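Engineer: no sequence on this one, just coordinates:
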């Protein structure tokens with residue numbers, strides 16, 4: 001008996017070459033938080049003060065790099081993200097049109113990015129090392145149930161830079177907590 005006739009006779013045998021959507025959702029392509037005028041005035045004032053110090057240290061390239069980084073952050077914080085369709089399939093994860101096969105994904109965890117809930121994937125790739133997708137909090141259990149069968153779930157690591165940033169933001173808030 002050939003393989004083809006077995007698949008026709010037994011409808012429960014799935015074609016492993018067929019890609020199946022396991023979970024599909026529409027979400028913003030990145031986390032977004034609208035910043036007020038006071039925030040930008042504070043950040044700009046800090047940049048000016050740091051630039052004056054760096055100017056006397058003759059670090060003009062660093063001043064230009066910091067100004068460029070601030071401009072990029074301003075653009076990302078003022079232009080709202082578009083919505084994209086994300087998918088988890090039997091072959092991997094789609095982030096809009098970008099595809100990451102399971103073989104390229106090492107681990108995953110859930111966390112927050114600005115005011116949004118997200119799922120983070122650590123990859124084996126040189127770039128990007130980490131991929132994050134915005135999710136709805138109520139879908140977290142469904143997503144976890146699917147992905148944990150493919151790659152391990154790890155606890156979000158709190159690294160030194162995360163601790164230092166949290167401490168600095170508590171001492172030097174850039175905006176009012178409302």
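Structural biologist: Yep, it's here. All figures in this text were calculated on a predicted structure; none of them were measured in a lab.
Engineer: The residue nearest in space to the middle of the chain and residue 29, how far apart?
Structural biologist: With distances taken as Cα atoms, centre = their mean, residue 132 lies nearest the centre of the chain, 2.2 Å away. Per Cβ to Cβ, to the nearest Å, residue 132 is found 10 Å from residue 29. For glycine as for every other residue, the C-beta is placed from the backbone atoms N, C-alpha and C.
Engineer: just to revisit the earlier point, residues contacting the residue nearest to the centre of the chain?
Structural biologist: Residue 132 is in contact with 31, 113, 118-121, counting by Cβ atoms under 8 Å, 6 or more residues apart in numbering.
Engineer: Can you give me the domain assignment for this protein?
Structural biologist: Split into domains by automatic domain parsing, the chain comes to 21-30+81-161, 37-79.
Engineer: any idea of the mean pLDDT for the longest one?
Structural biologist: It stands for domain 21-30+81-161. When pLDDT is averaged over domain 21-30+81-161, the result is 93.
Engineer: Endpoints of that domain, how far apart?
Structural biologist: 37 Å (Cα to Cα, to the nearest Å).
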